[in-house]
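Engineer: next one to model:
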Amino acid sequence: MAGPQALPNILEITPYKGGQKLDNAHKLSSNENPLGCSPKAQAAVSKAAKHLELYPDGSAMALREAIGAKYGIDADRIVCGSGSDEIFQLLARAYLRPGDNIVQSQHGFLVYRLVAQQSGAETRSAPEQNLTADVDAMLALVDENTKIVFLANPNNPTGSYIPYSEVKRLHDGLPENVLLVLDGAYAEYVKLNDYDSGMALAGEAPNVLVTRTFSKIHGLAALRLGWAYGPESVIDAIHRTRGPFNVNAVAQAAGIAAIHDDAFQAASVAHNDAELARVSAAIEKLGFEVFPSVGNFVLIRFPETPGRTSAEADAFLRQHGIVIRNVAVYGLPDCLRASIGTVEQNNDMLAAFEAFAKS
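Structural biologist: Just a heads-up that it's a prediction; the model follows:
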């Protein structure tokens, strides 16, 4: 006898797979913070863990107020989630139905496509220029059935970004009923004059939402914590679709402590700036193409020459205790993405790359 059958669009989904981890190997496949997390956040977790019998604040008010104070934005227009991934899922639940579509850049974050599939909506991917989002190409895909445009800026896995002038041009070209989601998961790492995460735009426009995460710069990936800021109507829709206690109390406590620890954030940026430049230059010197990155990772392209391919490099590195990310699922079968680790991890990774280049 046949059991319950899931919806066809659900069965078509290929589940998201995070970066793999192997025993006794350096895991440099998930863009995690190599410095760990704020000591203040660790202390907050220990304190919060003494009261696990209590339900969390369903509104995450103290956390929203801390975020609001940090960025000078209205706490009432902030919503928190179990990672920014949950916020994308809630947006899809609130705004997408079969027949609708979303628009993203060609190598956009995989979760955008997954949440669209969950709602039976189509994903349209705009060709990129030099692995960078192309505003004109994205606008060309927008039609009367487009409900959300997702822009990861900076983008994962390419490491590229578009300047704020281009973000504005993208927004200006969209109808007011299309929601522009600016995913700033790696925003804190970017210190370029022409970059802006779009916070002010989300504060002014009726159709712009900025999303952020505590998983990267704050090093709280294990606790699953993210947030979004935008128009009251969009925030209200997310609140109506989220669970009543979607962010646990331990995560809330850690987030409040982390958002205030400017010293840890500065140390994380300084480490990444130095090691990203060093790792990129060293791998490029070995003869592999390295794409410019403003994130805490680097995308590397390998030739099709037998013995030098991305698949062979991946296997070789794993044999030498280095796990980086295969990004074939992003349409980049000839590339691998390496997270920036500790100095020791990066040294071991570079030694493995050198050995592969000589093999």
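Engineer: the stretch 1-150 of the chain: helices as residue ranges?
Structural biologist: Assigned by DSSP state H, counting those that start in this stretch, the stretch 1-150 of the chain shows helices spanning 8-11, 39-48, 61-71, 83-95, 110-118, 135-140.
Engineer: out of those, which is closest to residue 328?
Structural biologist: helix 110-118 (11.7 Å; C-beta to C-beta). For every residue, glycine as well, the C-beta is placed using N, CA and C.
Engineer: now do that closest one: which elements does it pack against?
Structural biologist: Applying 3 or more C-beta pairs under 8 Å, 6 or more residues apart in numbering; DSSP states H and E, one finds that helix 110-118 contacts helix 8-11, helix 83-95, strand 101-105, strand 122-126.
Engineer: could you rerun that using 7 Å?
Structural biologist: helix 83-95, strand 101-105, strand 122-126 (3 or more C-beta pairs under 7 Å, 6 or more residues apart in numbering; DSSP states H and E).
Engineer: now tell me what touches the helix or strand of the chain with the lowest mean pLDDT from outside.
Structural biologist: Least confident helix or strand of the chain, by mean pLDDT, DSSP states H and E, is helix 8-11 with a mean of 78. Helix 8-11 has contacts (C-beta atoms under 7 Å, 6 or more residues apart in numbering) with 117-118, 120.
Engineer: can I have the buried ones of the residues you listed as a PyMOL selection?
Structural biologist: To isolate in PyMOL the members of the contacts of helix 8-11 that are buried, counting by 16 or more other C-beta atoms under 10 Å, one can use:
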select buried, resi 117+118+120
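Engineer: nearest to residue 292, of the contacts of helix 8-11?
Structural biologist: Top of the list for closeness to residue 292, among those and by C-beta to C-beta, is residue 117 at 31.3 Å.
Engineer: just the pLDDT for the closest residue to that closest one other than its chain neighbours.
Structural biologist: Closest residue to residue 117 apart from its sequence neighbours, by C-beta to C-beta, 6 or more residues apart in numbering: residue 13 at 4.9 Å. pLDDT, residue 13: 74.
Engineer: was I right to think residue 13 contacts residue 116?
Structural biologist: No: here residue 13 does not reach residue 116: they are 10.0 Å apart, not a contact under C-beta atoms under 7 Å.
Engineer: higher neighbour count, these two?
Structural biologist: Set residue 13 next to residue 116 and count neighbours by other C-beta atoms under 10 Å: residue 116 wins out with 25 against 14.
Engineer: any low-confidence regions in the stretch 101-250 of the chain?
Structural biologist: For the stretch 101-250 of the chain, applying pLDDT under 70 flags no range at all.
Engineer: in it, which spans are strands?
Structural biologist: Secondary structure of the stretch 101-250 of the chain, counting by DSSP state E, counting those that start in this stretch: strands at 101-105, 122-126, 146-152, 179-183, 208-213, 226-229.
Engineer: which among those is found nearest to residue 333?
Structural biologist: strand 122-126 (15.8 Å).
Engineer: now the angle from the closest one to helix 110-118?
Structural biologist: If you take axes from the mean of the first three to the mean of the last three C-alpha atoms, to 10 degrees, strand 122-126 sits at 150 degrees to helix 110-118.
Engineer: now for strand 122-126, which elements pack on it?
Structural biologist: The contact analysis (3+ C-beta pairs under 7 Å, 6+ apart) places strand 122-126 against strand 101-105, helix 110-118.
Engineer: any idea which of these is most buried?
Structural biologist: Most buried of the helices and strands packed on strand 122-126 by mean neighbour count (mean count of other C-beta atoms under 10 Å) is strand 101-105; its value is a mean of 26.
Engineer: so how far is it off the chain centroid?
Structural biologist: Computed by C-alpha atoms, centre = their mean, to the nearest Å, the chain-centroid distance of strand 101-105 equals 16 Å.
Engineer: the inter-axis angle of that strand versus strand 179-183?
Structural biologist: Put simply, strand 101-105 runs at 40 degrees to strand 179-183, going by the same axes, to 10 degrees.
Engineer: residues in contact with strand 101-105?
Structural biologist: Outside strand 101-105, the residues that reach it (C-beta under 7 Å, 6+ apart) are 112, 116, 121-126, 128, 133, 138, 141-142, 145-151, 155.
Engineer: and what of stretch 221-234?
Structural biologist: Under C-beta under 7 Å, 6+ apart, the answer for stretch 221-234 is 32, 67, 73, 77-84, 86-87, 179, 199, 202, 206, 208-215, 238, 247, 250-251, 254-255.
Engineer: tell me the buried residues in it?
Structural biologist: 221, 223-231, 234.
Engineer: most widely separated two among those?
Structural biologist: 221 and 231 (28.3 Å).
Engineer: about what we covered before: can you say which of the helices and strands packed on helix 110-118 is packed in most?
Structural biologist: Mean neighbour counts for the helices and strands packed on helix 110-118 (mean count of other C-beta under 10 Å) peak at strand 101-105, with a mean of 26.
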